[in-house]
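Trainee: sequence and predicted structure are below.
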Protein chains: 2
Amino acid sequence: MRVVQKFGGTSVGTLERIRKTADLVERSWRDKIETAAVVSAMSGETNRLIGMANELSDQPEPRELDALVATGEQVSAALLAIELKQRGVPAYSYTGMQAGFHTDSQHSRARIRHIEGTRLMQHLKKGEVPILTGFQGVDEHGNITTLGRGGSDTSAVALAIALEADQCDIYTDVDGVYTTDPRIVSSARKIERISYEEMLELASLGAKVLQTRSVELAMRYNMPIHLRSSFEDVPGTLVMEEVEDMERAAISGVAYNRDEAKITIMGIPDRPGIASSIFGSIAESGINVDVIVQNVSEQGATDMTFTVPKGDFPAAMEIVREVAGKLGARDVVGDSAIAKVSIVGVGMRSHTGVAKRMFDVLSKEGVNVQMIATSEIKITVVIEEKYLELAVRALHSGFDLDADG
Amino acid sequence: MRVVQKFGGTSVGTLERIRKTADLVERSWRDKIETAAVVSAMSGETNRLIGMANELSDQPEPRELDALVATGEQVSAALLAIELKQRGVPAYSYTGMQAGFHTDSQHSRARIRHIEGTRLMQHLKKGEVPILTGFQGVDEHGNITTLGRGGSDTSAVALAIALEADQCDIYTDVDGVYTTDPRIVSSARKIERISYEEMLELASLGAKVLQTRSVELAMRYNMPIHLRSSFEDVPGTLVMEEVEDMERAAISGVAYNRDEAKITIMGIPDRPGIASSIFGSIAESGINVDVIVQNVSEQGATDMTFTVPKGDFPAAMEIVREVAGKLGARDVVGDSAIAKVSIVGVGMRSHTGVAKRMFDVLSKEGVNVQMIATSEIKITVVIEEKYLELAVRALHSGFDLDADG
């Protein structure tokens, strides 16, 4: 058995937490499991370092910023190794550079190219525990790079793949993935197993438990991720290959997002290139457009509606008004009092009528659906924000996700 | 012209200080001087890191402790590079590992074996400024090492040698080497030029301006060190090869040390191996013995006196009492109310009667000399502690070191 354990910032945030984390690594090692650990910076440390850089410069040189923040994980890796060593666990810390986490040269958002596993593998074979810094690597010129925020998950999965581990355990401050937000639905249940695809959809919907890139990587190499709590010793959620399951429920979870706003352009002349003019201008300003719906054309004019992050709403409205004016559109209206609710599940593939059931549940509660977008394993609706909790609860119960009793 | 500039912990201790330090690097660069900088950790940072390690373990694993504290210089190098870059100075930070500061594997007190200058030299040739982390390197196995406290001076001198620089500028919080401690003698003068040998003697006497190892290294390769203030823009002291100088004064400076205590073993049987038994036992317990004097033997017995650091005095007394008992010595007496005063100068080689003049000056002030030790360019006396200031002032004036006017 070979495992990569990943510990986030809160799991190494204080010396006391480092001791608890050492308990987990030590237990795995004592159980004769070949164990490698990947650690983030102590929580708050990365922000402290970036804060200093920002005091010196509005736009700190990316190469130097990477060298600066990379010290954060080096500190926590060394401290964890010190704690383990004094317990008699043969631990050795490695920076991304030392361990051979080779990346491209895109500072602050580098991508891992390959990991030199030889030296680490020698440690594992000797019953030793390498402690790796997450989030960072080295480019072909020997420059220190970082993978961007959340990159430690990706480091851990990439390392698990390079070391041909059986599993990647990601310890975090939540104890797994839930059928929906327990703060909204008290009967939400922890999901025991979830497929990579579902996890990806949930992550893209704002479930911040795992970084999207790490799930994509795990899926490509079929590396199971055990997402679990570093505070409580309970099983978490296993993210793994989809398995055949006759009894599978139609959906696995209900997700939501209240951080978007809706913009509608009314009466745009319906000619080729219109969408490209509109979304091109928005993209240029760095704003991400999410759900897009275009109505059927009537008399040579059409309506187009899409959502943008709430924080970008004023800027987006300004851009759209200008473009719409040039295109001869009739009007532009915006609405930030909306919410997005999605149901996700690979079960949709085998169950028919999932969409109809969703609309039935919502209409029974008097919730009007403003926009609809679907993917193979997800249906998203945009509704009035005030109905958000009601809709989530109704869907959770309507798709039989409520916990027993 | 090519220069290595070294900045200690106080010179990079705050963001404000980093800006001032950047001023110095920038000026050198604008003056078309090929400039490389070596930085220490922000003052207090190394202690903060070691403090965390000590909270986890009484004896933190040296390999991991080195990886931990090496982050200190990485942070200050990156911050200085960020500050320089935003001023338009093409600066690039390098860790000891990146720059190729190859050392042996003695963690926490590694010695530099060689420095790969190629990449750094390319920067210099292109008019760019490499910023190096002092104090650290990498061993042949790719482990991070540190040179021990004060090692940044050594890093800077070694780098200056590797890059064939014309000079190594060491910026610190004092503005040079003085003829004696200005707190004791108000007419003490800054020494414009001093030889490596004299600097070594002064350093070994406790003048904490330059680390002994760095001066030894500079002497071996004849690399001039300009010791100067990072706070005030005034010339400092140039440490360099001894130059012929007809007008040279007999001595260059007066040094003192009040941190030693004296132990006398009386009536030891005078046989071979006695000294080795005594000093062997003391050395085993890690205590450094400084001045040693043995009286002429009388009737087969002798007296032996030596000094130890005041902090080690009680432990040393205990050891010596035990050994002396076994050896059949008559008595052991200790005295911690002593001080050591030295005069240093290569001028002693050409001037005769320097020792006599020293004793004359002291005796005229009624200062009794308890012990004497000499080297080629130094005479040290041990006196009663209460006469320290008097002796230093008398010698400073008696050897014509007082500033004019």
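Mentor: Yes, it's here. From a predicted model like this one, the values you see are computed outputs, not experimental measurements.

Trainee: is A:Ala250 located within a strand, as I assumed?
Mentor: No - counting by DSSP: H, G, I helix; E, B strand; the rest coil, one finds A:Ala250 to be coil, located in no strand.

Trainee: now it: closest residue in space, sequence neighbours ignored.
Mentor: Spatially, and ignoring its direct neighbours in sequence, A:Ala250 is nearest to A:His351 (4.1 Å; Cβ to Cβ, 6 or more residues apart in numbering or on different chains). For every residue, glycine as well, the C-beta is placed using N, CA and C.

Trainee: host element of the one you found?
Mentor: Of the helices and strands defined by DSSP states H and E, none includes A:His351.

Trainee: and for A:Leu388?
Mentor: Using DSSP H and E, the element containing A:Leu388 is helix A:388-398.

Trainee: residues making contact with that helix?
Mentor: Residues from elsewhere that reach helix A:388-398, judged by Cβ atoms under 8 Å, 6 or more residues apart in numbering or on different chains: A:179-181, A:184-185, A:187-188, A:254, A:256, A:258, A:339, A:341, A:343, A:357-358, A:360-362, A:364-365, A:367, A:381, A:383, A:402.

Trainee: and that helix, what's buried?
Mentor: Of all the residues in helix A:388-398, those buried under the rule 16 or more other Cβ atoms under 10 Å in any protein chain shown are A:Leu388, A:Ala391, A:Val392, A:Arg393, A:Ala394, A:Leu395, A:His396, A:Gly398.

Trainee: can you check stretch A:324-340 too?
Mentor: Buried residues in stretch A:324-340 (16+ other Cβ under 10 Å): A:Ala324, A:Leu327, A:Ala329, A:Val332, A:Gly334, A:Asp335, A:Ser336, A:Ile338, A:Ala339, A:Lys340.

Trainee: ok so the third one is a helix residue?
Mentor: No - counting by three-state DSSP, A:Ala329 falls outside a helix, being coil.

Trainee: what's the closest non-adjacent residue to it?
Mentor: In space, A:Ala329 is closest to A:Ile268, 4.3 Å off (Cβ to Cβ, 6+ apart).

Trainee: what about the one you found, helix or strand, and which?
Mentor: Taking DSSP H and E as the criterion, A:Ile268 maps to strand A:260-269.

Trainee: what about the following helix or strand past that strand, average pLDDT?
Mentor: The helix or strand immediately downstream of strand A:260-269 is helix A:274-284, counting by DSSP H and E. The average pLDDT for helix A:274-284 rounds to 86.

Trainee: just list whatever residues bridge to A:Thr133.
Mentor: Using DSSP bridges, the bridge partners assigned to A:Thr133 are A:Val39.

Trainee: surely it touches A:Val75?
Mentor: No - if you go by Cβ atoms under 8 Å, A:Thr133 and A:Val75 don't touch, sitting 9.1 Å apart.

Trainee: compare these two (neighbour count), which wins?
Mentor: Neighbour tally, A:Thr133 and A:Val75, criterion other Cβ atoms under 10 Å in any protein chain shown: the higher count belongs to A:Thr133, 31 against 26.

Trainee: which stretch of helix or strand covers A:Met219?
Mentor: helix A:212-221.

Trainee: hmm, who's touching the helix or strand following that helix?
Mentor: Moving toward the C-terminus from helix A:212-221, the next helix or strand (DSSP H and E) is strand A:225-229. Identification of contacts with strand A:225-229 by Cβ under 8 Å, 6+ apart yields A:157, A:167-177, A:199, A:209-210, A:214-215, A:218, A:234-240.

Trainee: can you do 6 Å?
Mentor: Contacts to strand A:225-229, defined as Cβ atoms under 6 Å, 6 or more residues apart in numbering or on different chains, come from residues A:Gln167, A:Cys168, A:Asp169, A:Ile170, A:Tyr171, A:Asp175, A:Gly176, A:Ala218, A:Gly236, A:Thr237, A:Leu238, A:Val239.

Trainee: what about the residues you listed, which one has the most neighbours?
Mentor: A:Val239 (31 neighbours).

Trainee: from A:Glu128, how far off is A:Gly88?
Mentor: According to Cβ to Cβ, to the nearest Å, A:Gly88 and A:Glu128 sit 12 Å apart.

Trainee: show me what from chain A comes close to chain B.
Mentor: Residues of chain A lying near chain B by Cβ under 6 Å from any Cβ of the partner chain: A:15, A:53, A:55-57, A:60-61, A:64, A:67-68, A:71, A:74-75, A:78, A:81-83, A:85-86, A:93, A:98, A:142.

Trainee: go again using 7 Å as the cut-off
Mentor: Neighbours of chain B within chain A, by Cβ under 7 Å from any Cβ of the partner chain: A:15, A:49, A:52-53, A:55-57, A:60-61, A:64-65, A:67-68, A:71, A:74-75, A:78-79, A:81-83, A:85-86, A:93, A:97-98, A:142.

Trainee: pairing partners for the helix or strand A:Gln370 falls within, with directions?
Mentor: Per DSSP H and E: A:Gln370 is located in strand A:369-375. In the sheet, strand A:369-375 lines up against strand A:378-384 (antiparallel) (DSSP bridges).

Trainee: how about the partner strand: buried residues?
Mentor: Buried residues in strand A:378-384, counted by 16+ other Cβ under 10 Å: A:Lys378, A:Ile379, A:Thr380, A:Val381, A:Val382, A:Ile383.

Trainee: what would those residues look like in CSV with pLDDT and distance to A:Leu124?
Mentor: Shown next, in CSV, are these (pLDDT from 0 to 100; distance: Cβ to Cβ, whole Å):
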residue, pLDDT, distance to A:Leu124
A:Lys378, 92, 39
A:Ile379, 93, 44
A:Thr380, 92, 43
A:Val381, 93, 48
A:Val382, 94, 49
A:Ile383, 95, 51
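
Trainee: could I get these in TSV, plus columns for distance to A:Ala315?
Mentor: Supplementary listing: these in TSV, determined by distance: Cβ to Cβ, whole Å:
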residue	distance to A:Ala315
A:Lys378	28
A:Ile379	29
A:Thr380	23
A:Val381	26
A:Val382	20
A:Ile383	24
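
Trainee: tell me the one of those residues nearest A:Ala301?
Mentor: Within the buried residues of strand A:378-384, the smallest distance to A:Ala301 is 22.4 Å, found for A:Val382 (Cβ to Cβ).

Trainee: touching stretch A:262-272 from outside, list them.
Mentor: With contact meaning Cβ atoms under 7 Å, 6 or more residues apart in numbering or on different chains, stretch A:262-272 is reached by A:274, A:278, A:297, A:300-308, A:316-317, A:320, A:324, A:327-335, A:338, A:382.

Trainee: again, but for stretch A:242-259
Mentor: With Cβ under 7 Å, 6+ apart as the criterion, stretch A:242-259 contacts A:179-180, A:191, A:194-195, A:197-198, A:202, A:205-207, A:309-310, A:339-348, A:351, A:354, A:385, A:388, A:392, A:395-396, A:399-401.

Trainee: buried subset of these as a PyMOL selection?
Mentor: Buried residues among these (16+ other Cβ under 10 Å), as a PyMOL selection:
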select buried, chain A and resi 179+180+191+194+195+197+198+202+205+207+339+340+341+342+343+344+345+346+347+348+354+385+388+392+395+396+399+401
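
Trainee: which of the contacts of strand A:225-229 fall in helices?
Mentor: When DSSP state H is applied, those are split such that A:Ala218 fall in helices.

Trainee: dump the contacts of strand A:225-229 into TSV; add pLDDT and distance to A:Ser108 as well.
Mentor: As requested, the contacts of strand A:225-229 are exported to TSV (pLDDT from 0 to 100; distance: Cβ to Cβ, whole Å):
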residue	pLDDT	distance to A:Ser108
A:Gln167	97	30
A:Cys168	98	24
A:Asp169	97	27
A:Ile170	96	22
A:Tyr171	95	25
A:Asp175	88	31
A:Gly176	90	30
A:Ala218	95	23
A:Gly236	94	30
A:Thr237	94	30
A:Leu238	95	32
A:Val239	95	27
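
Trainee: ok, what's across the strand from the nearest residue to A:Ala162 once chain neighbours are set aside?
Mentor: Spatially, and ignoring its direct neighbours in sequence, A:Ala162 is nearest to A:Ile115 (3.9 Å; Cβ to Cβ, 6+ apart). Counting by DSSP bridges, A:Ile115 forms beta bridges with A:Phe101.
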